[in-house]
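>>> sequence unknown, structure follows:
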């Protein structure tokens with residue numbers, strides 16, 4: 001077990017990194033909202049599937065990087081932790097991905113439904 005001061009320092013560093021990443025993301029989003037989008041977004045099923053799968057895979061990879069980094073740097077535990085983390089997160093991804101896909105589809109459907117209802121003569 002690590003000393004209390006080192007545990008607090010690790011948590012503080014992690015917190016500051018996350019907040020820094022969020023601040024950078026917010027600045028990038030504000031800059032992008034000023035400029036027009038260069039690449040048109042894909043619409044329809046292919047765009048929705050691409051967005052959902054990209055989000056799920058990106059989140060899984062980020063989680064595995066954090067787990068492996070923690071395992072190698074701070075925890076010094078046996079290899080069972082990493083194996084359990086990879087298989088458990090993959091199982092969770094397999095269970096939650098269909099739910100996430102359906103919820104994303106409903107949100108997009110509602111968004112386009114509201115936009116179409118504002119414009120007379122246009123249907124989905």
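Sure, I can see it. These numbers were taken from a predicted model, which means no experiment stands behind them.

>>> looking at the chain, which helix or strand is least sure?
helix 80-118 (a mean of 80; mean pLDDT, DSSP states H and E).

>>> buried stuff in that helix?
Applying a neighbour-count criterion of 16 or more other C-beta atoms under 10 Å, one finds 82, 85, 97, 100, 101 buried in helix 80-118. Placement of C-beta: from N, CA and C, glycine included.

>>> how many other residues sit next to residue 48?
Applying other C-beta atoms under 10 Å, we find 17 residues neighbouring residue 48.

>>> what's the spacing between it and residue 54?
11 Å (C-beta to C-beta, to the nearest Å).

>>> distance to residue 21 added to the buried residues of helix 80-118, as a markdown table?
Shown next, in a markdown table, are the buried residues of helix 80-118 (distance: C-beta to C-beta, whole Å):
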| residue | distance to residue 21 |
| --- | --- |
| 82 | 24 |
| 85 | 21 |
| 97 | 24 |
| 100 | 22 |
| 101 | 26 |
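
>>> those: which two are farthest apart?
82 and 101 (28.0 Å; C-beta to C-beta).

>>> need the residues touching each of residue 48 and residue 54.
Here residue 48 and residue 54 have no joint contacts, going by C-beta atoms under 8 Å, 6 or more residues apart in numbering.

>>> before we move on, back to that, of the buried residues of helix 80-118, closest to residue 44?
Nearest to residue 44 among the buried residues of helix 80-118, with distances taken as C-beta to C-beta, is residue 101, at 14.0 Å.

>>> tell me, how many residues neighbour the residue nearest to the closest one when sequence neighbours are not counted?
Spatial nearest neighbour of residue 101, excluding adjacent residues (C-beta to C-beta, 6 or more residues apart in numbering): residue 52 at 4.8 Å. Applying other C-beta under 10 Å, we find 18 other residues in the vicinity of residue 52.
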